[in-house]
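In: quick check, what structure comes out for this input:
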Amino acid sequence: MDPLFVAESIGVSFYGNAVLKSASVWASPGQITAVMGRNGSGKTTLFRAALGLVSREFGAVRFGSRSFLTPHLHRLARLGLFYLPDLGLLSRRHTLGWHLSVLRRRFPTQVKDHVPPSLDVEALMGKKVWAMSGGEERKADLALAWTRNPSCLLADEPLAGLAPKDQELISRVIRTMADEGCAVVVTGHDARPLMELADQIIWMVAGTTHGIGSPEGARNHDQFRREYLGPGY
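Out: Numbering: from 1, shown residues only. Next up is the predicted model:
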C-alpha cells in the first residue's frame, strides 16, 4: 500500500552543523513504522522538520495526494494528521476531561465518542496534568490522540521512560489504531518493545535513515544488529 505520509531527503542544520543530511520517514495505512536510533540521532528533528516546526534546508513532504513546499502542522492536522510530541502536548493547568471536551466541541463530527477502557484513564478525567505521573500523562496524551481519530499518527518516544506495564498498554492502543487503518510512525531507542510493536523499521544514524524492513529483517541485518542491537539481542 502506498504511504499516506512521506517526508523525503530532509536536511536540517543548526548553527552550521548538519543534524540531518538526508533523512526520510513514511507512514502507511494500517502499519506501524518505528524510527529507531540513539539519543541525539535526530529522530525528533526529523518529525519537527517534516511538520514545519523547524526550518529545513531541503527535502519534500507529502500527505495524501498533496505535496507541501512549506508544511505547517495546523494544515496537516486539518487533513487528519496528529502529532504526539515527546513532551508538552497537554496544558498542565487543565484536566484530561477538559481537553477531551474542547476537542469534541471543536470537531463534533470527526472524533470518537469514547476512550478505550484498556487505556485506563477514567481516574485521570478530573486530574490536572501537572499532578499526573509520567505514565499517566502519556496515557492522557494517547487518549487525546485516539479521540481525535486521525488518519496518521506521528508519536515521538511514546514508550520512553515508562514501566513495562504501561509500555504494553500504550503499545496495545497504538496497535489498535493501526488495525483500524491509521498510518502510524513511532520513534524511540529501546529496541525490544519497539521491535515487538512495529511492522517496519527505519534506522536513523549519522543524520541519515535506512529502511531495513520488518523486525525480523532488522534482526538479520548485520550492520544494524552489530552497531545498534548489540551481540546480546
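In: so residue 154 sits in a strand?
Out: Yes: Residue 154 sits within a strand when classified using DSSP: H, G, I helix; E, B strand; the rest coil.
In: next, count neighbours for it.
Out: 29 (other CB atoms under 10 Å). To be clear about C-beta, it is placed using only N, CA and C from the backbone, and glycine gets the same treatment.
In: can you check residue 79 too?
Out: Neighbour tally, residue 79, other CB under 10 Å: 14.
In: so how far is residue 77 from the spatially closest residue to it that is not a sequence neighbour?
Out: The shortest distance from residue 79 to any non-neighbouring residue, by CB to CB, 6 or more residues apart in numbering, is to residue 63 (5.7 Å). To residue 77, residue 63 is 10 Å away according to CB to CB, to the nearest Å.
In: who has more neighbours, those two?
Out: The residue with more neighbours, out of residue 63 and residue 77, is residue 63; 23 against 15, by other CB under 10 Å.
In: now that one: how far from residue 154?
Out: 11 Å.
In: re earlier: which residues does the residue nearest to residue 79 form beta bridges with?
Out: residue 5, residue 66 (DSSP bridges).
In: quick check, it in contact with residue 4.
Out: Yes: using CB atoms under 8 Å, residue 63 is in contact with residue 4, at 7.0 Å.
In: for residue 198, see how far away the spatially most central residue of the chain is.
Out: Ranked by distance to the mean C-alpha position of the chain (CA atoms, centre = their mean), the top residue is residue 155 at 1.6 Å. With the distance defined as CB to CB, residue 155 ends up 12 Å from residue 198.
In: overlap in contacts of these two?
Out: Applying CB atoms under 8 Å, 6 or more residues apart in numbering, one finds that residue 155 and residue 198 are jointly contacted by residue 186.
In: which SSE is residue 170 in?
Out: helix 164-179 (DSSP states H and E).
In: next structured bit after that helix?
Out: Heading C-terminal from helix 164-179, the first helix or strand you meet, by DSSP H and E, is strand 183-188.
In: in PDB, list the C-alpha atoms belonging to the helix or strand just after that next one.
Out: Sequence-wise, the next helix or strand downstream of strand 183-188 (DSSP H and E) is helix 191-197. Provided in PDB are the C-alpha atoms of helix 191-197 (Å, rounded to 0.1, in the frame of the first residue of the first chain):
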ATOM      1  CA  ALA A 191      14.800  -1.900  20.900                       C
ATOM      2  CA  ARG A 192      12.800  -4.600  22.400                       C
ATOM      3  CA  PRO A 193       9.300  -3.000  22.900                       C
ATOM      4  CA  LEU A 194       9.700  -1.200  19.500                       C
ATOM      5  CA  MET A 195      10.600  -4.300  17.600                       C
ATOM      6  CA  GLU A 196       7.600  -6.100  19.200                       C
ATOM      7  CA  LEU A 197       5.300  -3.200  18.200                       C
END
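In: show me what the mean pLDDT comes to for helix 191-197.
Out: Averaged over helix 191-197, pLDDT sits at 93.
In: repeat for stretch 35-42
Out: Here the average pLDDT along stretch 35-42 is 91.
In: same check on stretch 2-16?
Out: For stretch 2-16, the mean pLDDT works out to 92.
In: mind listing residues that contact it?
Out: 18-29, 42, 45-46, 49-50, 54-64, 81, 151-152, 154, 183, 185.
In: go again with 7 Å.
Out: Contact with stretch 2-16 is made by 19-29, 45-46, 49-50, 54, 56-64, 81, 151-152, 183, as judged by CB atoms under 7 Å, 6 or more residues apart in numbering.
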